[in-house]
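Participant: Generate a structure from the sequence data that follows.
(2 chains)
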Number of protein chains: 2
Amino acid sequence: MILELADIRIQTGQNAAFEEAIARAAQTVIGHAKGFQGFKINRGIESPERYVLQVFWDTLEDHTVGFRQSEAFTQWRAIIGPFFAGPPVVEHFELVAKSV
Amino acid sequence: MILELADIRIQTGQNAAFEEAIARAAQTVIGHAKGFQGFKINRGIESPERYVLQVFWDTLEDHTVGFRQSEAFTQWRAIIGPFFAGPPVVEHFELVAKSV
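Facilitator: Predicted structure coming up:
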């Protein structure tokens, strides 16, 4: 399993609308992509315009090729892109350890 | 529940030793703190010297006051601090949405 971690900054005053949009888009657009396992969306406490989206994928390529090169990626960005204050920072991760 | 997200960069060539150290310290030091619920440690694929530590706490103050002002924080930093390439970036988050 691969973790996609997207660090997102939105324009001020748009929290409620953005949260509705990204939750809907994650469920209905990313949620149907091949290799999708699940997502979490978190809002910053110190930085309320900062959101961290986590998406769990079967493989790296399910996100970077399968999803990003699909029509679904265009839909996804059309829904959440208008809220961005800048380009999101996206990288991928492997689990090293977790609590027992 | 509160998510602590720590963005860590380590010195090159130290991955194996750092992973052993942080997993041990998370389990034995943070794992005994009041309000601790669990942790995950992820290593970057694009940036192998980047690690994202997630710690789940009952409340914000369990981390910022209870843990950081305790002797356990000194122990924690003594174990993982020597690997840092710079100060970690730490913020806290609230869950907005997750997959159903």
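Participant: Regarding A:Ala17, what are the backbone dihedral angles?
Facilitator: With angles defined as degrees, to the nearest 10, A:Ala17 sits at phi -70, psi -40.
Participant: Please name the nearest non-neighbouring residue to it.
Facilitator: Sequence neighbours aside, A:Phe83 is the residue nearest to A:Ala17 in space, at 7.3 Å (criterion: C-beta to C-beta, 6 or more residues apart in numbering or on different chains). Where you see a C-beta, it was placed from the backbone N, CA and C, and this is true even at glycine.
Participant: What is the burial count for that neighbour?
Facilitator: 19 (other C-beta atoms under 10 Å in any protein chain shown).
Participant: List the contacts of it.
Facilitator: Applying C-beta atoms under 8 Å, 6 or more residues apart in numbering or on different chains to A:Phe83 gives the contacts A:10-11, A:14, A:17-18, A:21-22.
Participant: can you check A:Arg50 too?
Facilitator: A:7-9, A:43-44, B:91.
Participant: Write out the residues of chain A neighbouring chain B.
Facilitator: Within chain A, the positions adjacent to chain B are A:2-3, A:5, A:19, A:22-23, A:26-27, A:31, A:38-47, A:50-52, A:60, A:91-100 by C-beta under 8 Å from any C-beta of the partner chain.
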